[in-house]
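J.: sequence unknown, structure follows:
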């Protein structure tokens, strides 16, 4: 039971929640850039969020089913169709043997996800199926690959109302151990600045641009290399911020001004090129409360799944329906 | 230690991390303290702690703030710090000594002479001193399994190059700021390429996946190029001809 890859975008990788416990060996967690999308896919397919899915950066691909299977589509919305008929995003669908699923370019956001019923069952490495391109763990999915599904049973044709997190916005941050390297004026200016996502972005990090001067720390070049967390906002030599993402290095010498909260990392990672981003500092106790609320919300996602009602907006092949068949003309 | 000395310093890292820093520079005692303290954290096995690691002069903990509060963890860390002088603490047990066959200089490692000159030594003397240096894995990072080793003698406090060398191969031995690195993969670098080994730090698909642990020690023993070729031709497990022994606790 698998999907054969017939066509694929340049940056599609298999991702789960990542690999914990190897920080002391210089291996960062990796895992899905948009963790919420993994949970939404799991909710749609009524399975555990620990399973792996295909993360598609910017562009999807074409996939052929070798047997009947269930799929779900979440994260950044992309054009999707099955045998040429458009299908809904943030929904689960059944694929019959031989049917082709086509996923095009991203419409908003950055990372779309293709989930299989039973998950993508590659061999785990150090407890995770996540590819980590920067560490040379796994590789990008290529034409001819077979995405094997794990054991599966269940329904398809469900939808979930997704949180809109695909156009940038305000990201809540906490101060971290190097925040004090920046003076009060720089921190205030950082929080007041409207940033735009720059062109340089991948799973390691995302560059932000702004007008006006950069954001330098005191003694920027002389600090000792220190531990990095995903979500850290690193100031490079030019004072341009980078938000560090799941494939970030484990240590680094550039100072970090703050850390994006896990609950806002999906929004950060999904910011499209040019998307507007602002930062808002929250106190640590408030951040812990937001984190607890976020985890609770992820846990409740399965209760938000409902049948994909075929209202006219959802009917992809509306034009082919005989909507007026049998209707008597008013002029008759 | 005087009252004005801020170290050891406990600080938060993002939402779910805590960092205990023993100095703002890499010194033998600060690295020793970080390794020993992290060893003690590991042994303590506190509920809610997810993982720990060390950097050059700090120990780091990642934890679940919903199971272990910041205030509680900070208190526990302060109590553990007060238990002893961590700068004089013995290093964790279970450490190993690696002897790694290394070709110094030649076209395999073309920046040896440059490094020797920066250290004020002739190349033969530089090789003699480097190959007799027993260095410690100060930390592992930047790339999976990749060790930062030191400290070397003060003459090797040579700066990084302004101009990056576009690519050095896996197993390259490079030098700067009284430290050595064995590169885990091909990479551009500003450190000078002084030796070449067949030692693989990161061995996906093999057991163990990671060769080294922080606190291990290494000696890079000089060999001729023909020996390295021989080692490479017969190396199946990535050790590159290295031998390993336990360091008595």
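T.: Cool, got the structure. Everything quoted here is computed from the prediction, not taken from an experiment.

J.: Which parts of the chain are helices?
T.: The chain I'm using is chain A. Applying DSSP state H to chain A gives helices spanning A:35-44, A:184-192, A:265-269, A:284-300.

J.: Hmm, no, I was thinking of chain B.
T.: Under the criterion DSSP H, helices of chain B are mapped to B:28-44, B:70-82, B:112-118, B:123-131, B:225-234.

J.: Which one of those helices lies nearest to chain A?
T.: Chain A lies closest to helix B:70-82 among the helices of chain B, at 6.3 Å (Cβ to the nearest Cβ). Every residue, glycine included, has its C-beta placed from N, CA and C.

J.: From the chain's centroid, how far away is the helix or strand of chain B with the lowest mean pLDDT?
T.: Ranked by mean pLDDT, DSSP states H and E, the weakest helix or strand in chain B is strand B:187-189, scoring a mean of 90. Strand B:187-189 sits 17 Å away from the centroid of its parent chain (Cα atoms, centre = their mean, to the nearest Å).

J.: Quick check: nearest residue in space to the closest residue to chain B within the stretch 51-200 of chain A, chain neighbours excluded?
T.: Using Cβ to the nearest Cβ, the single residue of the stretch 51-200 of chain A nearest to chain B is residue A:177, 3.7 Å away. Closest residue in space to residue A:177, ignoring its immediate chain neighbours: residue B:11 at 3.7 Å, by Cβ to Cβ, 6 or more residues apart in numbering or on different chains.

J.: In this structure that neighbour contacts residue A:179, no?
T.: No. When contacts are counted by Cβ atoms under 8 Å, residue B:11 is not listed as touching residue A:179 (9.4 Å).

J.: Mind splitting chain A into its structural domains?
T.: A:2-164+A:305-318, A:169-282 (automatic domain parsing).

J.: Nearest to residue B:164, out of those domains?
T.: domain A:169-282 (13.5 Å; Cβ to Cβ).

J.: need the strands for the stretch 1-150 of chain A, in chain order.
T.: Applying DSSP state E, counting those that start in this stretch to the stretch 1-150 of chain A gives strands spanning A:2-8, A:12-15, A:53-57, A:61-65, A:69-75, A:78-82, A:85-86, A:91-95, A:100-106, A:111-116, A:146-148.

J.: List the strands paired with the fourth one, with their directions.
T.: The one in question is strand A:61-65. strand A:2-8 (antiparallel), strand A:100-106 (antiparallel) (DSSP bridges).

J.: Number of residues surrounding residue B:103?
T.: Residue B:103 sits with 24 neighbouring residues when counted by other Cβ atoms under 10 Å in any protein chain shown.

J.: same thing with residue A:14?
T.: Residue A:14 sits with 23 neighbouring residues when counted by other Cβ under 10 Å.

J.: what pairs with it across the strands?
T.: With DSSP bridges as the criterion, residue A:14 is bridged to residue A:54.

J.: again, but for residue B:187
T.: Taking DSSP bridges as the rule, residue B:187 bridges to residue B:168.

J.: show me what contacts it?
T.: Going by Cβ atoms under 8 Å, 6 or more residues apart in numbering or on different chains, residue B:187 touches B:143, B:167, B:168.
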